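In: following is a predicted model, sequence given first.
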Amino acid sequence: MNEFQGIYEEMKLHQLKVPSNKISIQIPGAKDILKNAMEYFLGMEGKKLVWLPEYDKVSDWLENNEGRGLFLYGNCGTGKTFMTRYAITAILLKYLRLVVSSFDMVDVNKTPEIVLQKRIICLDDTGTEDISVRYGEKRSIVPEILDATEKYGKLLIMTSNLGAEDLIKKYGNRAFDRILAVTKRIEFNGKSFRD
């Protein structure tokens, strides 16, 4: 037995900072479930599913996220937003009763406090937002969300069309390092379905 095993509860009792439990996602058979969800939601728009190799990696994350969030980035029109906004949100609700709070980056700037209160956060189109200016105060919200994710065990799901260099330019090395720490990254290289 480790000599610190019993101290965790006492630390909480004294309102000391303790590591937060990370959100675990483990859904057996996730590939078939993801296909089913994608087919269902695409069918609502009269579209057919074209399975990309990147979707297999998302399935792996759904099988076992190892306590980390998900960051889908790369080419436009490859289903990143659709997958996170509808399929993953529905899967986590159906199989784990987890509620994903999804935000467009414009909404994040308008209501940063609401976003920061959520436990599972989905940010769509990260990198397209401007600096938030409220009552003359300038804030870059994404680094704040990344910090809260790391400190408080939140689960962060992000999409972006920006690569590493552009994200570093936008948010800095520290924020990018946190993206690496708190998410599994999957690059989407396919051709746009919007063509």
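Out: Nice, thanks for sending it over. Residues are numbered from 1 along each chain as shown.
In: which secondary structure element of this protein has the lowest mean pLDDT?
Out: Taking mean pLDDT, DSSP states H and E as the measure, the helix or strand of the chain with the lowest value is strand 132-134, at a mean of 57.
In: and the contacts of the strand or helix carrying T149?
Out: T149 belongs to helix 141-152 when assigned by DSSP states H and E. Here helix 141-152 makes contact (Cβ atoms under 8 Å, 6 or more residues apart in numbering) with 20, 69, 108-109, 112, 115-116, 121, 123, 126, 129, 132, 154-156, 170-172, 174-175, 178-179, 181-182. Heads up, the C-betas are built off the backbone N, CA and C, glycines and all.
In: the spatially most central residue of the chain: what secondary structure?
Out: The geometric centre of the chain, computed from its C-alpha atoms, lies nearest to I157 (Cα atoms, centre = their mean), at 0.6 Å. Assigned with DSSP: H, G, I helix; E, B strand; the rest coil, I157 falls in the strand class.
In: mind listing what it touches?
Out: If you count contacts by Cβ under 8 Å, 6+ apart, I157 has them with G69, L70, F71, T84, I88, V100, I120, I121, C122, L123, T183.
In: in CSV: these, plus secondary structure and distance to M38.
Out: What follows is the contacts of I157, written out as CSV (DSSP: H, G, I helix; E, B strand; the rest coil; distance: Cβ to Cβ, whole Å):
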residue, secondary structure, distance to M38
G69, strand, 20
L70, strand, 15
F71, strand, 19
T84, helix, 11
I88, helix, 10
V100, coil, 16
I120, strand, 20
I121, strand, 22
C122, strand, 16
L123, strand, 20
T183, strand, 21
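In: out of those residues, who's nearest E10?
Out: Using Cβ to Cβ, I120 is the member of these that sits closest to E10, with 29.0 Å.
In: wait, the closest one sits on T89?
Out: No: the criterion here is Cβ atoms under 8 Å, and I120 misses it with T89 at 9.2 Å.
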